[in-house]
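Colleague: Based on what follows, work out the 3D shape:
(one chain, ligands or ions: 1)
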Amino acid sequence: MKALSRHRPKWISRRVALAAVVLAAMALPAQASFERGLEKTLGKQARDAIESQYDVVKKGPAAEYVERIGKTLVEVSPRHDIEYTFKILDTEQINAFALPWGYVYVTTGMLEFVDSSDQLAGVLGHEIAHVAQKHSLDAFKQQFWASLLFGVIDAPATLLTVGQVGTTLYLLRHSRKDEQEADGLGAGYSYAAGYDPSQLSAFLRKLDEEHGRKPSTIEVYLSTHPTGERRQQRLAELPEVNRKNADVATHVAHAFLARHLANQAVVEYRRVIELAPDRAEAHAGLARAYAKLGEPEPAQQAWQRAEELGLRDQEELPDLPTASAPPVVPPSAAEEQQVEQARAAAERWHSQVKEPVREIGNRAKSLENSVQGLARRMSMTGALGSPTLAGERVMEKAQFTLYMIAETSDRVAAVGEGLQAKGDGAAEVVQTIARDSAAPATTVDRAQWTALSAEVAAGIAGAETQAGGIRQQALQAADLADKAASQLSSAVSSLPSAMNVFGAIDRSFAFLGLAEGEVDEALRNAHSALELSGKAMAALRRWRAQELSWRLSAAYLDTPPAHRRALCSMAGAMTGADPDALAGAEGGFGAGLVHAVTAAAESQESPPGNETSKPAEAREAEQNRQADLMLKLVLADVRREAEARRQWQGSAASPPAAVEKPAPAQEAN
Ligand SMILES: [Zn+2]
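Modeller: Just a heads-up that it's a prediction; the model follows:
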């Protein structure tokens, strides 16, 4: 569907002016200032084209977070003569790209796809490297000179080509050499800025898997970026990724600790100590990481070892928690019953949601088929040419109608997938509750687990009603879109005959009038279909915030009590929320985080005197989306922390083979 033109781009009228600048600049290729002019013009033009085609997520927690990571990477990159900007494009496509003059974009699809902030940093680092090395600019110049040189295009066409190349710069495929360079440099920036550069490889592995599973969402990224084993292999050979080098591992460990990722820091410091057992700095770092986690004994031991190895005097032992472990109690019958209720509700919801999901999926598929058929037919009709202005106008309307039907089809499909994900998500949360609340825990924990399971059970009960409404809206939208598609189809069939009646202008107009009437009707229906599917999507999003809150709370409760402060610090550092407030939030950690992030998203909307026309509903959806994206990023990092914790606790406490089931939450000892 990406081939469809969405709106008439605003930039067309600027083509000629641009071409003049380009030609002037390229006439004097040696002049740095002219090259700057060219880069700036190309970049800005491409930026305008992109931003007229996609919704740009402007301010808000996720936008700020992406910008913060981006700017950290820019700081350690070599190019500072331009101001980089980092923006989020609202599309399901998993993509990232950079334009000349420092315009870097990631899609919401990409933010949902990455497994950690480190992966996001790897992706951004790669794009920043393209800008720093002026890869797009060079590619553009080459293409431009080549087309002039070989006389492929004549003068008027040249002007057009310049405009087109400028606006499709983001689709430009870089040479293999440039891609390799961007990988290497990008990994270097990630490393220098304190991110784990090996995560770019993990990202690529995941991308390969996704390609097998759902190729359409990464089509564009893959068309502009090489993938596969060779790229991963090459990445693995970079010096910054070599954890067998104790200096590299130490640097990465320090960086994890600075970002409050204490569990990952523990794993990394231990790696250093395996490589270089006498490195005092690593033992001291390990002590700090343990202290952050609230593990006084191992912290003390590591610190002592560091001192034995000649740790410098001026360093101090970090504050260690002294609180004795609270008494541990087994779950009561009432608590077990509560959990059982949540489990039953999740199971019921899961089985209930299957049928509508299949139904919606089928409708989405048939819609997708009609969209494809229609698009083919329209491109043939368009190729016949439109001898009259009126014909062109009708075709344009028809294109727009098709776009809306396609968009509806996408949304209907997304609603189906969303419902499915909600079903799976709820089941997963309940599983975590059932597993971890069955283990003995402190009274405080027990109370929190029980509260969470009650909340989940109630949430699922509410969702059952909501799901009925969502299903109905999605199916109605599909019906309407179907209707619009068949109207459009019949209108389009009559267009060629209308357009080809030369000499009989009057008759041609009469035909066109008929066709236009039909297109208008289809357009109205497509409008309503799109609106309905939007409502279904909005309902799903509201439910998603709740589910995210549960997932975060479950992850928090899954963390040993002593480690929870560190988790709050990490989440606070990512979102700007107050870590103390998160620890004691009413409704738990997840609810506190959702509240903090949503409030931040709300406070940033509505710039004064600007865009007052945006309806409240759309604004709310945008805020929710912002909060959502940010929370998913936090959840991804929380999960990586949990993985790291299991890794170091497992290797310390039990034989290495026992990794099947994650260790139950251990009490602070
Ligand atoms: Zn690239």
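
Colleague: wait, is residue 86 part of a helix?
Modeller: No. Residue 86: not assigned to a helix; according to DSSP: H, G, I helix; E, B strand; the rest coil it is strand.

Colleague: can I assume it is in contact with residue 66?
Modeller: Yes. Counting by Cβ atoms under 8 Å, residue 86 does reach residue 66; the two are 5.1 Å apart. For every residue, glycine as well, the C-beta is placed using N, CA and C.

Colleague: Overlap in contacts, the two.
Modeller: 106, 124 (Cβ atoms under 8 Å, 6 or more residues apart in numbering).

Colleague: now the helices for the stretch 201-350 of the chain?
Modeller: For the stretch 201-350 of the chain, the helices defined by DSSP state H, counting those that start in this stretch occupy 219-224, 229-236, 246-258, 262-275, 280-293, 296-308, 333-383.

Colleague: Report the separation between residue 597 and the ion.
Modeller: Counting by Cβ to the ion, to the nearest Å, the gap from residue 597 to the ion is 31 Å.

Colleague: secondary structure class for that residue?
Modeller: helix.

Colleague: ok, the residue lying closest to it once chain neighbours are set aside - contacts?
Modeller: Among residues not flanking residue 597 along the chain, residue 627 sits closest, at 4.6 Å (Cβ to Cβ, 6 or more residues apart in numbering). Residues in contact with residue 627 (Cβ under 8 Å, 6+ apart) are 60-62, 545, 594, 597-598, 600-601.

Colleague: Now render those residues as CSV, adding distance to residue 260.
Modeller: As requested, the contacts of residue 627 are exported to CSV (distance: Cβ to Cβ, whole Å):
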residue, distance to residue 260
60, 22
61, 17
62, 19
545, 24
594, 20
597, 17
598, 22
600, 19
601, 22
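
Colleague: Out of those residues, the closest to the ion would be?
Modeller: Among the contacts of residue 627, residue 62 lies closest to the ion (Cβ to the ion), at 22.5 Å.

Colleague: In contact with that closest one, which residues?
Modeller: Neighbouring residues of residue 62 by Cβ under 8 Å, 6+ apart: 88, 111, 626-627, 629-630, 633.

Colleague: Farthest pair within those residues?
Modeller: In the contacts of residue 62, two members sit farther apart than any others by Cβ to Cβ. They are 88 and 627, at 13.2 Å.

Colleague: ok so, going back, so which of the contacts of residue 62 belong to helices?
Modeller: 111, 626-627, 629-630, 633 (DSSP state H).

Colleague: Just the buried subset of the residues you listed, please.
Modeller: By neighbour count, with 16 or more other Cβ atoms under 10 Å, those hold 111, 626-627, 629-630, 633 as buried.

Colleague: Please convert the buried members of the contacts of residue 627 into ChimeraX selection syntax.
Modeller: Entered in ChimeraX, the line below selects the buried ones among those, by 16+ other Cβ under 10 Å:
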select :60,61,62,545,594,597,598,600,601
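
Colleague: Secondary structure and pLDDT added to the contacts of residue 627, as a markdown table?
Modeller: Formatted as a markdown table, the contacts of residue 627 follow (DSSP: H, G, I helix; E, B strand; the rest coil; pLDDT from 0 to 100):
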| residue | secondary structure | pLDDT |
| --- | --- | --- |
| 60 | coil | 86 |
| 61 | helix | 90 |
| 62 | helix | 92 |
| 545 | helix | 80 |
| 594 | helix | 91 |
| 597 | helix | 91 |
| 598 | helix | 87 |
| 600 | helix | 83 |
| 601 | helix | 81 |
